[in-house]
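> Have a look; sequence and predicted model below, questions after that.
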Amino acid sequence: MSAAYPGVKIQRHLLIVINPNGGPGKAISLFEHKVEPIIKAARCTYKVVHTEYSGHALKIASEIPLNEYDAIVAISGDGTLHELINGFAQHKEPMKAFLIPIAPIPAGSGNGTCLNLLGLKEGQDIAAATLNVIKGQSMPIDLLSILQSGKRSFSFMSQCVGLMADLDLGTEHLRWMGSYRFMYGFLRGILTRKTYRFKISVKIEAADKVAMVEALRKHTSSVPNHKPPPAEQTATTLLPPLQYANDYDGWTTFEGPILFLYSGKGPYVSRDLMQFPVSVPNDGMVDIVIQGSISRAAMWRSLDGAEKGAAYWRDSALYLKASAYRLEPLQEDGNLSIDGERFPFREYHAEVHRGLATLLSMSGRYAVDFTLGPPIPS
C-alpha cells in the first residue's frame with residue numbers, strides 16, 4: 001500500500017461538490033456511475049453536496065471546517081472552481097483554507113483545469129480524474145487578485161476581453177453543445193472581425209518567446225520522472241504593430257485596435273485551444289496574449305494547430321509574462337470574462353499571488369508538453 005500511495009494519504013476523506021447544471025448537465029450521472037464506484041473501491045469516505053444556486057459553492061467553501069477534509073472534489077466545470085477559490089478567500093481563516101486541495105472532475109463545457117492537470121488524452125477521462133482525487137499530490141498554483149471598482153475577487157484560470165470573451169459569454173445559451181459552442185463563437189467572430197480599443201498597462205517580466213520556452217524546459221526537467229520537450233529552435237520574436245506609450249516604474253502602457261486580450265494560468269482553456277503553452281503552475285507570473293488586428297483569412301488559419309499551441313509563434317500576437325497588469329476599456333460595450341464568469345465591462349487591475357491556492361496533481365506540473373516549432377506568419 002505504501003508503494004501504491006507514495007507520499008500521499010490512503011483512504012482520503014472528501015467533500016464532493018456536484019453542480020447538476022454545469023456544462024451538458026450530466027454531473028450527477030457521472031458521479032453515480034463512474035466516480036462513486038472508484039472512490040468506494042479505494043475505501044475513501046465522503047460527503048456529497050449538490051449546488052442549488054449560483055454562488056452556492058462559494059458559500060460552501062467560505063464555511064468549510066478546517067482539518068476535516070483531505071480535499072474538495074468539484075464535479076462541474078471551471079466556474080465551480082472559481083466559486084470555491086473565492087469562497088476560500090472569504091473564509092475566516094483564508095490562508096489555511098487555501099491549503100485545502102481542490103480536485104476537479106470534468107463535467108463542464110471547457111474543462112480546462114482537468115486538461116492542464118491530466119493532459120489532452122486523459123483530461124476528459126472521468127476515471128483518470130478520479131484517480132487524481134485518490135492519489136494526487138498537493139500542487140500550489142498562482143492566483144490573480146482582480147480589483148474592480150473597489151471590490152476584490154480571485155481568478156485561478158483566465159481573464160479575457162474582445163473576441164475571446166464574446167465567444168465565451170455570447171454562447172452561454174449553447175452549453176448543451178459542450179466545447180463545440182466555443183468553435184461556433186469563434187466562427188461567428190471571423191465573420192464580424194470586430195476590433196476593440198483598450199488602454200493596457202503591463203508590468204512585464206518576460207517577452208522573448210524563445211527564452212520563455214527555455215524556461216519551461218528548465219521547469220519541466222526539474223519535476224521528477226518527466227522528460228522535457230526538445231530544445232531545437234532558431235525563431236526570433238516579433239512584436240505586433242501596437243502603439244506603445246512611455247514606460248514608468250516598470251510598467252509598459254500601450255493601446256491600439258485589437259481582436260482580444262487573453263490572460264491566464266494553465267496552457268489549455270479548452271481541448272481545442274492551448275492558449276498559454278509556456279504557463280507553469282507557480283512561477284508568480286500570468287501569461288498574457290494580445291492579438292492585433294488580422295485578416296479573416298489569418299483568423300481562419302489560426303485554427304490550425306490551436307490545440308498544440310501553434311499560435312504562440314504568430315507574429316501578430318504579443319505574448320508576455322507579467323506580475324501585474326491593468327486594463328481600461330476605451331469603448332462602452334463589450335464583455336469581460338473571468339474564469340468563464342461574466343464581470344462588469346469596466347477597468348480592472350490584476351496582480352499575481354504566487355502559490356496561493358492548491359490543486360491535486362499526479363505529476364506536480366501541468367501535463368502538457370509544448371514542443372517548439374517554427375514561427376507562423378500572420
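Yes, it's here.
> residues in contact with the helix or strand containing Ser138?
Assigned by DSSP states H and E, Ser138 belongs to strand 137-148. Strand 137-148 has contacts (Cβ atoms under 8 Å, 6 or more residues apart in numbering) with 7-8, 85, 99, 101, 152-156, 159, 265, 281-286, 338, 343-344, 346-362, 364-365. Every residue, glycine included, has its C-beta placed from N, CA and C.
> downstream neighbour of that strand in the secondary structure list?
strand 151-155.
> Show the average pLDDT along that following strand.
What strand 151-155 shows for mean pLDDT is 96.
> And for stretch 17-35?
If you average the pLDDT values across stretch 17-35, you get 88.
> Show me which residues of that stretch are buried.
Within stretch 17-35, the residues that qualify as buried are 17-24, 27, 30-31, 34-35, counting by 16 or more other Cβ atoms under 10 Å.
> circling back: list only buried entries from the contacts of strand 137-148.
85, 101, 153-156, 159, 265, 281-283, 285-286, 338, 343, 348-352, 356-362, 364-365.
> Can you flag which of these belong to helices?
Among the buried ones among the contacts of strand 137-148, the members falling in helices are Ile85 (criterion: DSSP state H).
> From the buried ones among the contacts of strand 137-148, which land in strands?
Those of those mapping onto strands are 153-155, 159, 286, 338, 343, 348-352, 356-361, per DSSP state E.
> So which helix or strand of this structure has the lowest pLDDT on average?
Ranking every helix and strand in the chain by mean pLDDT, DSSP states H and E puts strand 243-248 at the bottom, with a mean of 51.
> What is the most widely separated pair among the buried residues of stretch 17-35?
Asn21 and Lys34 (18.8 Å; Cβ to Cβ).
> What lies in contact with stretch 117-131?
By Cβ under 8 Å, 6+ apart, stretch 117-131 touches 30, 34-35, 38-39, 103-106, 111, 114-116, 132, 136, 268, 271, 307, 359-362, 366-368.
> Can you tell me how far Val48 is from Leu356?
27 Å (Cβ to Cβ, to the nearest Å).
> and what of Trp300?
In terms of Cβ to Cβ, Trp300 sits 39 Å off from Leu356.
> ok now the strand holding Ser138, how far from the chain's centre?
Mean-position distance between strand 137-148 and its chain equals 10 Å (Cα atoms, centre = their mean, to the nearest Å).
> give me the low-pLDDT residue ranges for this protein?
Applying pLDDT under 70 to the chain picks out residues 23, 170-185, 189, 223-248, 371-378.
> most centrally placed residue in it?
Centroid-nearest residue in the chain, with Cα atoms, centre = their mean: Met157, separated by 2.9 Å.
> A helix includes Cys114, no?
Yes. According to DSSP: H, G, I helix; E, B strand; the rest coil, the state of Cys114 is that of a helix.
> Might one say that it is in contact with Ile102?
No. Contact criterion Cβ atoms under 8 Å: Cys114 and Ile102 do not qualify, at 11.5 Å.
> on that earlier part again, got the angle for the strand holding Ser138 vs strand 151-155?
150 degrees (axes from the mean of the first three to the mean of the last three Cα atoms, to 10 degrees).
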